[in-house]
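Trainee: kindly generate the corresponding structure for this input.
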Amino acid sequence: MPTYDYKCTKCGDEFSIEQSILDKPLARCKKCRGKLEKLLPRSLNLIFKGSGFYVTDYKKPDANRKKAAEESAPGPPKDISFKKSAEKKPGG
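Mentor: Residues are numbered from 1 along each chain as shown. Below you'll find the model as predicted:
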């Protein structure tokens with residue numbers, strides 16, 4: 001759950017509280033019932049769990065990378081044969 005920082009505009013009390021993203025922001029100070037303002041986060045504590053967050057997770061072995069590059073290279077389809085047509089030369 002994320003931690004949010006609040007500051008009372010009346011008494012100046014600052015505190016942090018864990019809240020769900022779906023919870024409504026706090027409006028009143030518990031000490032003096034003054035108006036609270038939500039502060040910007042001072043630090044970000046991100047934790048990446050699971051696979052897929054590192055470059056090495058997506059790397060393919062060299063043989064597979066070369067084969068994939070050859071398969072995705074643009075070019076004519078292999079099942080169609082092309083015939084050269086006689087080109088007309090200008091002036092002749």
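
Trainee: burial measure for Lys38, as a count.
Mentor: Other residues within reach of Lys38, judged by other Cβ atoms under 10 Å, total 11. Bear in mind the C-beta positions are built from the backbone N, C-alpha and C, glycine included.

Trainee: likewise for Leu44?
Mentor: 5.

Trainee: so what's the residue nearest to Glu14 when sequence neighbours are not counted up against?
Mentor: Using Cβ to Cβ, 6 or more residues apart in numbering and skipping residues adjacent in sequence, the residue nearest Glu14 is Lys7, 4.7 Å away. Residues near Lys7 by Cβ atoms under 8 Å, 6 or more residues apart in numbering: 13-14, 36-37, 39.

Trainee: filter those residues down to just the ones in strands.
Mentor: 14, 36-37 (DSSP state E).

Trainee: which one of those is nearest to Ser20?
Mentor: Leu36 (17.3 Å; Cβ to Cβ).

Trainee: quickly list what that closest one is bridged to.
Mentor: Beta-bridge pairing for Leu36 (DSSP bridges): Cys8.

Trainee: quick one: it from Ser16, how far?
Mentor: Distance, Leu36 to Ser16, using Cβ to Cβ, to the nearest Å: 12 Å.

Trainee: circling back to that earlier point, and the contacts of Lys7, which are buried?
Mentor: Buried subset of the contacts of Lys7 (neighbour count, 16 or more other Cβ atoms under 10 Å): Leu36.

Trainee: host element of Ile17?
Mentor: strand 14-18 (DSSP states H and E).

Trainee: could you list every helix and strand that that strand packs against?
Mentor: For strand 14-18, the elements it packs on are strand 3-8, judged by 3 or more Cβ pairs under 8 Å, 6 or more residues apart in numbering; DSSP states H and E.
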